[in-house]
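Chemist: structure, please.
(one chain, ligands or ions: 2)
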Amino acid sequence: MSKRSSREPAPTGDGTAKAARASGIAGLLERLGRGSVTTEAITIVQAASLERRVAVLGAGSWGTTFAKVLAEGGADVSLWARRPEIAREVTETHRNSDYLPGINLPISLTSSSRIEQVLDGAEQIYVSVPSQTLRQNLADLRPILPAGVPVVSLMKGVEKGTGLRMSEVIVQELGIDPALVAVASGPNLALEIAKRQPTAAVVSSESLETATLVAATATNPYFRSFVNTDVIGTEFGGVLKNLIAVAIGIVDGVGYGENTKASILTRGLAEMTSFAVSFGAKPETLAGLAGLGDLIATCQSPLSRNNTAGRLLGQGYRFDDVVRQMNQTAEGLASVAPILELAKSRGVDMPIVQQVAEVLAGTLDPRDIAPHLTETDEPQGE
Ligand SMILES: NC(=O)C1=CN([C@@H]2O[C@H](COP(=O)(O)OP(=O)(O)OC[C@H]3O[C@@H](n4cnc5c(N)ncnc54)[C@H](OP(=O)(O)O)[C@@H]3O)[C@@H](O)[C@H]2O)C=CC1
Ligand SMILES: O=C(CO)COP(=O)(O)O
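Modeler: Ligands and ions are numbered 1, 2, ... in the order given. Okay, here's the model as predicted:
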């Protein structure tokens, strides 16, 4: 897709849209060749997918923002809110003042706290709940899940106890074909996107057809979704950058400056890459939007909840106080332990995540955090 076409939603009712509908996305990809997937295919599939009915589960800051992205890309979106008062506010006043104060939502975006109502007629399902509640939420979804519908994870955590990625929990709990599951990730701070600041993301699925379909739906004039098939790299990128953002927040809270932060960010990327590659990810995924891109956004922004949680720890608050002060989800806090377990299972050294764990446990003074000074045999010129 050229820059121009990514900024202009493709027109409806033209010949290419009809061709996409007629030949199906698999046929279309076949004709275009895999190399063209991020260009022509998304434009054409997008044209075919306007007014597609989709459901978004979770009306927090990201679920609501993503619902807005989808609606402003032309989809007919229904948002599931756990609390009826949020559903009412979204539908009646086009606001979600708890999570996106000051943001006007599209009039076409409706919300309900009744999940069966939100799923009615949905052709795609996007999920944005806290990672630690996902399994329980999917148990409610399973009996009413429409058959053959793609399920997309917008979440950036791993499950405590099992260490499973969110896409793995979805496959396990819903019993669906992994080819129907996708993940979306990237430098995507909700409030910036809700204000329509231009942003890119990655949609990943083991099925290129699913990734292309979802990316086309999740593309609008200010939000561009690329595709890949490296689900492991895309998903772990989103999880691991949260842990590095906590570390950066800690040193920020202590009062250390840019050298310390840049050292941790750079070594953090190396740590993320070694970890993800040991599970089969491609290094280039970690160098892309879902790795480095998201790492930069999250480590630099005061909007980041993980960065904020780290800053409070660095200022001397204890873990329990930090959890009490956070009124939004900081996934990194729950992902530290399972990630260290996974790293151990692969023999991967993670000095930054290890020191974050020690600060969380209260066994390391935040002023002593210096994971970039830890001895390592790895070359440093990567
Ligand atoms: N915010 C962001 O910038 C981005 C977030 N993400 C990811 O999106 C996921 C969701 O985060 P985000 O929306 O920001 O979090 P928020 O804290 O903003 O919202 C959490 C949402 O989950 C709901 N929730 C809480 N507990 C449960 C439960 N037991 N069952 C069902 N729903 C529940 C909340 O409902 P209630 O209001 O009723 O408590 C709320 O709607 C996370 O994995 C995060 O990493 C990814 C990219 C960007
Ligand atoms: O994932 C995010 C940006 O891409 C949001 O980060 P936080 O969860 O730290 O706010």
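Chemist: correct me, but P351 touches A370?
Modeler: No: using C-beta atoms under 8 Å, P351 is not in contact with A370; the gap is 9.3 Å. For the C-beta atoms, the positions are set from N, CA and C on the backbone; glycine is no exception.
Chemist: quick one, which of those two is more surrounded?
Modeler: Shown here are P351 and A370; by other C-beta atoms under 10 Å, P351 has more neighbours (19 against 15).
Chemist: and the more buried one, what does it touch?
Modeler: 267, 271, 371-372, 374, 376 (C-beta atoms under 8 Å, 6 or more residues apart in numbering).
Chemist: distance check, it against ligand 2.
Modeler: Between P351 and ligand 2 the distance is 21 Å, computed by C-beta to the nearest ligand atom, to the nearest Å.
Chemist: cool, V246 as well?
Modeler: To ligand 2, V246 is 9 Å away according to C-beta to the nearest ligand atom.
Chemist: so what's that residue up against?
Modeler: V246 makes contacts with 306-307, 309-310, 313, 330, 332-333, 336, 356, as judged by C-beta under 8 Å, 6+ apart.
Chemist: how about it: what's its closest non-neighbour residue?
Modeler: G310 (4.0 Å; C-beta to C-beta, 6 or more residues apart in numbering).
Chemist: bridge partners for the nearest residue to I115 once chain neighbours are set aside, pull those for me.
Modeler: Distances taken as C-beta to C-beta, 6+ apart put W80 closest to I115, at 5.3 Å, once the chain neighbours are dropped. Counting by DSSP bridges, W80 is bridged to L57, S112.
Chemist: check W80 and give its pLDDT.
Modeler: Per-residue pLDDT puts W80 at 98.
Chemist: show me where the stretch 201-350 of the chain has helices.
Modeler: With helices called from DSSP state H, counting those that start in this stretch, the stretch 201-350 of the chain shows them at 208-217, 231-254, 258-278, 283-286, 294-300, 305-314, 319-325, 331-346.
Chemist: can you put those helices in TSV and add distance to K156 and mean pLDDT?
Modeler: Below are the helices of the stretch 201-350 of the chain laid out as TSV (distance: least, C-beta to C-beta, whole Å; pLDDT from 0 to 100):
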stretch	distance to K156	mean pLDDT
helix 208-217	17	97
helix 231-254	4	98
helix 258-278	13	97
helix 283-286	14	98
helix 294-300	8	98
helix 305-314	9	98
helix 319-325	18	95
helix 331-346	5	98
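Chemist: ok so, going back, which residues touch the residue nearest to I115?
Modeler: Going by C-beta under 8 Å, 6+ apart, W80 touches 55-59, 87, 111-113, 115, 118.
Chemist: number of nearby residues for the residue lying closest to V336 once chain neighbours are set aside?
Modeler: Closest residue in space to V336, ignoring its immediate chain neighbours: A357 at 4.9 Å, by C-beta to C-beta, 6+ apart. Neighbourhood size, A357 [other C-beta under 10 Å]: 18.
Chemist: residues touching A357, list them.
Modeler: A357 makes contact with 336-337, 340, according to C-beta under 8 Å, 6+ apart.
Chemist: the contacts of V246: which two are farthest apart?
Modeler: Farthest pair in these (C-beta to C-beta) is N307 and V336. Separation: 14.7 Å.
Chemist: so for these two, which residue has more residues nearby?
Modeler: Taking other C-beta under 10 Å, N307 and V336 do not tie; N307 has more neighbours (26 against 23).
Chemist: my guess is that one contacts V251, does it?
Modeler: No: the pair N307 / V251 is not scored as a contact, 10.8 Å apart, by C-beta under 8 Å.
Chemist: distance check, A276 against ligand 1.
Modeler: From A276 to ligand 1 the distance is 17 Å (C-beta to the nearest ligand atom).
Chemist: my read: that residue touches A287, true?
Modeler: No: using C-beta under 8 Å as the test, A276 is too far from A287 to be in contact (10.9 Å).
Chemist: great, nothing more from me.
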